[in-house]
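K.L.:
Pasted the sequence and its predicted model underneath.
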Amino acid sequence: MRNFLILAALFSSQVTPAQERFVSYEFEDFYEWYHDHSQVEELYQSQTQLYTFTDNTAVHAGPCQDAELVAQLPIGYAVTNIAYNDDYYLPEDEINGYGDIWYHVKGKTPAGKAFHGYIWGADLARGWRSADVTGDGKAEFLMLGISSLPRKTLRDIRAELRIVQNQQLKVAEQVPGLCIFEDCASSPMLRVEHTEQGFPIIEASTMTVGCWAGIERAFYYFDGKGLSRVYHAEYTTKQEFADESFVVSRGNVAQVCEYSHQGQDYLPVWTCKTISSNEDRAAVALHDDRTAHAK
């Protein structure tokens, strides 16, 4: 939320010299693009829909784990946000090593019982999208949230991508290093890009505004069974964390693809080569086997 408030100041027409120093002009246009594509604003606005990130999400009568349990909700379930006033002290807590806030929400259980209470931040998605990522003509529900793994050290930072169908978790994959809990003061984003080659890419990213700007973007390919991290980098420092080729199969045609660069529209550009021989297919199979063992 702190980062979002700084963003609001950035995009305001009345910007003071002190506020201008928060952001390098080199990245100002990207911040506008990012803000248009993220859902961070919905996390702090009243009456927006938020979605449960965990199964049996607990709704408490107060912003505390020891408060009375008023409801339990399935994963991917919509609740209504009740935003705090600007002068209200946000109820924060640390659970499993993650510092985050309690969200004030209301709604109805699947049985139709009305509830009003608080959900811990890690039990709500920070980004969500409905998109067909398998090519079967049916949309999956994708969510980005705080990792389900406990945080044991300061450097132990992860987010998590989840794919849900019919309120059942189908796929979960860790996003190493991506800091999206409240203490990070970053703006998270989940986006699905349908590339010009015809395959979807899932992006999980963060943007941090402060004395130093931070842009961290991770891209995943879903092959129908699992999520593969195909590119991950911090764009302001140009530090790469992952860069892996991946195979896209459609019908009888298979291509090996990889990240090329960021285009002028801030979208990633991918290069693909058709696999035309058994020798090529064997090389790709060997690459996939080595990648799987490396993980």
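P.N.:
The structure has been received and is ready for your questions.
K.L.:
What distance do you get for the closest residue to Lys152 other than its chain neighbours to Thr57?
P.N.:
Once flanking residues are discounted, Lys152 sits nearest to Gly97: 6.4 Å by Cβ to Cβ, 6 or more residues apart in numbering. Where C-beta positions appear, they are placed from N, C-alpha and C, glycine not excepted. Separation of Gly97 from Thr57 (Cβ to Cβ, to the nearest Å): 19 Å.
K.L.:
out of those two, which sits in the more crowded spot?
P.N.:
Thr57 (22 against 15; other Cβ atoms under 10 Å).
K.L.:
Looking at strand pairing, list the partners for the more buried one.
P.N.:
For Thr57, the beta-bridge partners under DSSP bridges are Leu73.
K.L.:
so it makes contact with Tyr77?
P.N.:
Yes. With contacts counted by Cβ atoms under 8 Å, Thr57 reaches Tyr77, the gap being 7.1 Å.
K.L.:
mind listing what Tyr118 touches?
P.N.:
Neighbouring residues of Tyr118 by Cβ atoms under 8 Å, 6 or more residues apart in numbering: Val59, His60, Ala61, Gly62, Pro63, Cys64, Ala67, Pro91, Trp102, Tyr103, His104, Val105.
K.L.:
out of those, which are buried?
P.N.:
Buried residues within the contacts of Tyr118, counting neighbours by 16 or more other Cβ atoms under 10 Å: Val59, His60, Pro63, Trp102, Tyr103, His104, Val105.
K.L.:
if I look at the fifth one, how far off is Ala67?
P.N.:
Going from Tyr103 to Ala67 by Cβ to Cβ gives 14 Å.
K.L.:
Kindly report the same for the fourth one.
P.N.:
Noted for Trp102: a distance of 9 Å to Ala67, by Cβ to Cβ.
K.L.:
The helix or strand containing Gly99: what's the following helix or strand?
P.N.:
Using DSSP states H and E, Gly99 sits in strand 98-108. Once strand 98-108 ends, the next helix or strand along the chain (criterion: DSSP H and E) is strand 114-120.
K.L.:
quick revisit: and the strand holding Gly99, what does it pack onto?
P.N.:
strand 78-81, strand 92-95, strand 114-120 (3 or more Cβ pairs under 8 Å, 6 or more residues apart in numbering; DSSP states H and E).
K.L.:
Make TSV from these and add distance to Val175 to it.
P.N.:
Below are those laid out as TSV (distance: least, Cβ to Cβ, whole Å):
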stretch	distance to Val175
strand 78-81	23
strand 92-95	19
strand 114-120	20
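K.L.:
related to what we said a few turns ago, the strand holding Gly99 pairs with which strands, parallel or anti?
P.N.:
According to DSSP bridges, strand 98-108 forms sheet pairs with strand 78-81 (antiparallel), strand 92-95 (antiparallel), strand 114-120 (antiparallel).
K.L.:
Show residues contacting the second one.
P.N.:
Strand 92-95 is touched from outside by Pro63, Cys64, Gln65, Gly99, Asp100, Ile101, Trp102, Trp120, Ala122, Glu182, with contacts defined as Cβ under 8 Å, 6+ apart.
K.L.:
Based on its surroundings, how many neighbours for Ala131?
P.N.:
For Ala131, using other Cβ under 10 Å, the count is 18.
K.L.:
isn't it right up against Glu140?
P.N.:
Yes. In this structure, Ala131 is within contact of Glu140 by Cβ under 8 Å, at 6.6 Å.
K.L.:
for the protein, which spans come out with low pLDDT?
P.N.:
Applying pLDDT under 70 to the chain flags residues 1-25, 210-212, 277-295.
K.L.:
can you map out the helices along it?
P.N.:
Using DSSP state H, the helices of the chain run over 2-11, 17-20, 28-37, 278-294.
K.L.:
how much space between the residue nearest to Gly214 when sequence neighbours are not counted and Arg158?
P.N.:
Spatial nearest neighbour of Gly214, excluding adjacent residues (Cβ to Cβ, 6+ apart): Thr208 at 3.6 Å. Note on Thr208: its distance to Arg158, by Cβ to Cβ, is 16 Å.
K.L.:
again, but for His261
P.N.:
Going from His261 to Arg158 by Cβ to Cβ gives 27 Å.
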